[in-house]
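> Fold the stuff below for me.
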Amino acid sequence: MSSIVLQQAINGIVVGSLYVLVALGLTLIYGVLVQINFAHADIVTLGAFAAYGVTHLLSGNYLAGIAAALGLGAALGWLINAGIFVPLRERGSELLPLIATIGVSIMLQNAMLALLGPIPYAFDTPYSNQVIRLGTLFLTVQNVLIILVSGVSIALLYGFMKFTFLGKALRAVSQDRETAGLMGINPGHLIMLTFVIASALAGLSGAMLGPVLVLTPFAGTSVIVKAFAIVIIGGFGNVEGTILAGLLVGLIESYTTQFLDPGLIDIVVFALLLLTLAVRPTGLIAERREENV
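Got it, this is the predicted structure:
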């Protein structure tokens, strides 16, 4: 029984790490802009397809696929901010960018559907079938890679936000954009950096999710709903809360699959969301604007 509990804990950490990668991008953008990018799910999908294409093109070089997904995500983040958020933000409306990203999401989904078709793609990496056994416990090298990449990405992001000049400047912009501008900080550049980092994380999460999911033009959509739930459970705009909530949801899903019924996963996760909203509407770690992101 104890080995089953430990095995499901490992599985839960793997799934939770993936959710955290997806949700962190949403948290960053909300923390700085108090906006939501609904095209985030499609950047995840495009990252997965980029990793798939490069991996197969280079005869199984999955690490090159990860790098391609990261670069594509960063480029898309720059384009979405420059082409949508900057022009619409100048009009003084917070609703316009939100509506525009819904349109971008629909456009990207249909473009992928036209180019790639509705038939699912199976994404097997060289690490998917390599199994590591530790007594009665086992995990694939792919799962180890997911945990390592997610852990390093989270640590680098945390270190960047807390200890670098740009990270501190970004936090200043999230607290008070006008005052930060008066202190010599360029809010436009920092907002652009936020989009690039958030979208790069989305592309990276797509590369990690691709071998776990069946790839379709709507693959990211199935994950983004839970990512939104994680952001709310953790506390909107709070990085630490997002990490905690993502791992918690991953563990809950894993144990629900083992001890209850896989069909109940969504019910249990969104029951947790409703319970959080009822008992602690500010999330696990309450959002404080002076400590946002």
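> Which pLDDT value belongs to residue 195?
At residue 195, the predicted lDDT confidence score is 91.
> Can you name the residues that contact it?
Residue 195 makes contact with 29, 37, 77-78, 80-81, 85 under the criterion CB atoms under 8 Å, 6 or more residues apart in numbering. Quick note: C-beta positions are derived from backbone N, CA and C, even for glycine.
> make it 6 Å
Residues near residue 195 by CB atoms under 6 Å, 6 or more residues apart in numbering: 77, 81.
> what are the ranges of the helices in the stretch 101-250 of the chain?
For the stretch 101-250 of the chain, applying DSSP state H, counting those that start in this stretch gives helices covering 141-163, 165-175, 177-182, 187-209, 219-234, 239-259.
> need the longest helix for the chain.
What stands out as the longest helix in the chain, according to DSSP state H, is helix 2-33.
> Please identify the buried residues of it?
By 16 or more other CB atoms under 10 Å, the buried positions in helix 2-33 come out as 7-8, 10-33.
> same check, this time on stretch 165-174
167, 169-174.
> which residues sit against it?
Contacts of stretch 165-174 (CB under 6 Å, 6+ apart): 31-32, 160-161, 180, 185, 187, 190, 292-293.
> again, only using 7 Å
Residues outside stretch 165-174 that contact it (CB atoms under 7 Å, 6 or more residues apart in numbering): 31-32, 160-161, 180, 185, 187, 190-191, 193-194, 292-293.
> Buried residues in the least confident helix or strand in the chain by mean pLDDT, which are they?
The helix or strand of the chain with the lowest confidence, counting by mean pLDDT, DSSP states H and E, is helix 177-182 at a mean of 75. By neighbour count with 16+ other CB under 10 Å, helix 177-182 contains the buried residues 177, 180.
> cool, stretch 204-223 as well?
Result for stretch 204-223 [16+ other CB under 10 Å]: buried residues 204-213, 215-217, 219-220, 223.
> returning to what we had before: which of the helices of the stretch 101-250 of the chain sits most buried?
Per-stretch averages of neighbours, counted by mean count of other CB atoms under 10 Å, single out helix 187-209 among the helices of the stretch 101-250 of the chain, with a mean of 25.
> Return the backbone torsion pair for the residue lying closest to residue 188 once chain neighbours are set aside.
Nearest residue to residue 188 in three dimensions, chain neighbours excluded: residue 86, at 7.2 Å (CB to CB, 6 or more residues apart in numbering). Reported as degrees, to the nearest 10, the phi and psi values for residue 86 are phi -60, psi -50.
> Give the burial count for residue 86, as a bare number.
For residue 86, the count of nearby residues is 15 (other CB atoms under 10 Å).
> Might one say that residue 240 is in contact with residue 284?
No - when contacts are counted by CB atoms under 7 Å, residue 240 is not listed as touching residue 284 (8.8 Å).
> where does this structure have low pLDDT?
Within the chain, the stretches with pLDDT under 70 are 1, 90, 92-94, 286-293.
> how does it look with 80?
By pLDDT under 80, the weakly predicted segments of the chain are 1-2, 33-34, 89-95, 134-136, 174-184, 222, 236-237, 261-263, 282-293.
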